[in-house]
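> just coords:
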């Protein structure tokens, strides 16, 4: 059974930084497509970033500010978020999937709140 556990969310002022972590069990992050998504109140869940065998991808809204990475030894994926803006406020979810296929496992989410 795959389990993804996110942590690292919190309250931060605009311009600040946070690092989210996603610890995976039952799935190896190095051989999976891993992604971060977010959902703000009243909005649809949206793609933030992904890390796959061929590289990384980012939503335009976070390019240059967020960095996704993974530590294979810890079976953990990270999302480093810098220069945070109030519009980054959302619940952030970690997702995992088989290479080239849809994400099929999701974490419970971690709240990120950016104050102006």
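Ah, there it is. Note that this is a predicted model, so its numbers are computed, not measured.
> roughly how far apart are the spatially most central residue of the chain and residue 61?
Nearest residue to the geometric centre of the chain (CA atoms, centre = their mean): residue 36, 2.8 Å. Relative to residue 61, residue 36 is positioned 13 Å away (CB to CB, to the nearest Å). C-beta: built from backbone N, CA, C; applies to glycine.
> again, but for residue 51
Taken as CB to CB, the span from residue 51 to residue 61 is 18 Å.
> Of those two, which one has the most company?
In this view residue 51 and residue 61 are compared by other CB atoms under 10 Å, and residue 51 has more residues nearby, 22 against 14.
> so who does that one touch?
33, 34, 35, 68, 69, 70, 77 (CB atoms under 8 Å, 6 or more residues apart in numbering).
> Of these, which pair is most distant in space?
Farthest pair in the contacts of residue 51 (CB to CB) is 33 and 69. Separation: 14.4 Å.
> Between those two, which has more neighbouring residues?
The neighbour comparison of residue 33 against residue 69 (other CB under 10 Å) goes to residue 33, with 20 against 14.
> surely the more buried one meets residue 50?
Yes. Counting by CB atoms under 8 Å, residue 50 is a contact partner of residue 33 at 6.4 Å.
> Listing partners with orientation, what would you give for the host helix or strand of the residue nearest to the centre of the chain?
Element membership for residue 36 (DSSP states H and E) is strand 32-39. Counting by DSSP bridges, the strands paired with strand 32-39 are strand 46-52 (antiparallel), strand 90-98 (antiparallel).
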